[in-house]
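**Student:** Structure of the sequence below:
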Amino acid sequence: MSNVQKTVYFVRHGQTELNKKWVHQYPETRLSTEGEQQARAVAGMFKDISVDLIVSSPYDRTRQTAEAIRTTTGAPVEHSDLFVELRRPRALWGMSWAHPRSLWIMGQLYLRAGKQNWHYSDEENLEEFHARARRALEQLADRTEKNIVVVTHRGLMANLFERIRGDGMDSIKQYRRALWKNLAIGNCCYQKAIWNPQGTYGETLDGTWQLEGGTVCPE
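**Tutor:** Numbering: from 1, shown residues only. As a prediction, the model looks like this:
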């Protein structure tokens, strides 16, 4: 781990037409016109904040949001698969969340989330999702940059915040709580977090990471 204290801003991407319509998205889903406006608005919020690096999910909607922040701050952008959304079955892509098939598949994923090594098909299961979230935080803690913006997705943000609050534990209870809490993370809203190598409780996620304030959203 780096011995540099750092500030990380976790930013959700701007709105897309599919997430506005509650349709399961593709990696290639791009921002809507409103989403582009939101991306410019959140970028403006970093105008007077020092940013050394932008780390982004490689999905199109996060790339566009990160590019808006890069244009405003001049900070370089790196893309990492660690920060993509929870990978759901490809069979859901392009399907309405309210479609009976979607409800059945999502119900299976929810009910069996705690079953070790279980997969419905080609999705990322809970065990894999937790492991990726842990690696994401470890990678950020290991960076030497002091001020980092992470452009990512609502589901992963909720997972990361639960890990920080829950001392890094991987529990089904945390996962289900995160699913409900993530509804409060709007498009282009961000959450500030501090990583301190001299954590209050030693080398644990809770001791080294701390969320500051609440979620900030562009007007």
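**Student:** Surely Asn3 is within a helix?
**Tutor:** No - looking at Asn3 with DSSP: H, G, I helix; E, B strand; the rest coil, it is coil, so not inside a helix.
**Student:** and it, how many neighbours?
**Tutor:** 7 (other Cβ atoms under 10 Å). C-beta here means a position set from N, CA and C on the backbone, and glycine is covered the same way.
**Student:** Same question for Glu17.
**Tutor:** For Glu17, using other Cβ under 10 Å, the count is 15.
**Student:** any idea which helix or strand carries Gly214?
**Tutor:** strand 209-216 (DSSP states H and E).
**Student:** what sits up against that strand?
**Tutor:** 45, 137, 141, 161, 164-165, 184-186, 189-196, 199 (Cβ atoms under 8 Å, 6 or more residues apart in numbering).
**Student:** Identify those among those that sit within strands.
**Tutor:** Using DSSP state E, the members of those that fall within strands are Tyr190, Gln191, Lys192, Ala193, Ile194, Trp195.
**Student:** Please spell out the ChimeraX selection for the buried subset of the residues you listed.
**Tutor:** Those of the ones in strands among the contacts of strand 209-216 that count as buried under 16 or more other Cβ atoms under 10 Å are selected in ChimeraX with:
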select :190,191,192,193,195
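**Student:** Turn the ones in strands among the contacts of strand 209-216 into a markdown table, including distance to Arg154 and pLDDT.
**Tutor:** Shown next, in a markdown table, are the ones in strands among the contacts of strand 209-216 (distance: Cβ to Cβ, whole Å; pLDDT from 0 to 100):
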| residue | distance to Arg154 | pLDDT |
| --- | --- | --- |
| Tyr190 | 12 | 96 |
| Gln191 | 11 | 96 |
| Lys192 | 17 | 96 |
| Ala193 | 16 | 95 |
| Ile194 | 21 | 93 |
| Trp195 | 21 | 91 |
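**Student:** which one of the ones in strands among the contacts of strand 209-216 sits closest to Phe10?
**Tutor:** Gln191 (4.9 Å; Cβ to Cβ).
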